[in-house]
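1. what would the 3D arrangement of this be:
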Amino acid sequence: MSSPDMNWMKVLLVEDNAFAQEIMRTILRHIGVGDVQICDDGAKALARAAAENFDLLIVDWRLPSMNGVALTEGVRSLADRTRASTTIIMVTAHADAQHVVQARRAGVDAFLVKPTSIQAVRDRITGLIESGRLKPSRPFPLPDGNDGVVPTDEADTRDGDGRLQ
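-> You can find the predicted model right below:
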């Protein structure tokens, strides 16, 4: 099975540890993600998610000023429904049932457990793309040079609050 093209993706990586930032950025670039931006603070990440479209947020659980769960809740409550429904992957060493339930209730779409690997990141993102839960948040250039228009999916699995049903 081949991986889908990920060059169209604009990802905001929210991680405060410089070493972990570099590892995840390297992994994302290796699997073909086109635009990886980094933010090291939860509150700053929420402001960025409110101001610009990202296809995917990859969020650490522990962050300065606002943890990953609070950041997820903030994104899900944004007035802009496109931005509120941005796909979110939580990266954490806290993979016990209590933490998973807390994050899912906040609106997290998927998890990656630290330490992670290239294959785990690729598989998680590929699964989200193939399920239709991760789609471009904006038109993007198609290979023939035309601008693509992202169709509305009436079968979207998010409710009015941007949370998965």
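
2. contact partners for L56?
-> Taking C-beta atoms under 8 Å, 6 or more residues apart in numbering as the contact definition, L56 lies against M9, K10, V11, L12, T86, T87, I88, I89, I125, L128, L134. (Each C-beta comes from the backbone N, C-alpha and C, glycine too.)

3. sort out for me which of those are in strands.
-> Counting by DSSP state E, the part of these found in strands is K10, V11, L12, T87, I88, I89.

4. need the nearest residue in space to the fifth one, chain neighbours excluded.
-> It stands for I88. Nearest residue to I88, sequence neighbours excluded (C-beta to C-beta, 6 or more residues apart in numbering): L57, at 4.7 Å.

5. continuing past the helix or strand hosting that neighbour, what's the next helix or strand?
-> When elements are defined using DSSP states H and E, L57 is found to belong to strand 56-60. Using DSSP H and E, the helix or strand that follows strand 56-60 in sequence is helix 68-76.

6. tell me the angle of that following helix relative to strand 56-60?
-> Orientation check (axes from the mean of the first three to the mean of the last three C-alpha atoms, to 10 degrees): helix 68-76 against strand 56-60 gives 150 degrees.

7. the helix or strand following helix 68-76: which residues count as buried?
-> Counting by DSSP H and E, the next helix or strand C-terminal to helix 68-76 is helix 81-84. Across helix 81-84, burial judged by 16 or more other C-beta atoms under 10 Å covers R83, A84.

8. by neighbours, which of the ones in strands among the contacts of L56 wins?
-> Within the ones in strands among the contacts of L56, I88 tops the neighbour count with 25 neighbours, counted by other C-beta atoms under 10 Å.

9. thinking it is in contact with F54, fair?
-> No - taking contacts as C-beta atoms under 8 Å, I88 lies outside contact range of F54: 9.7 Å.
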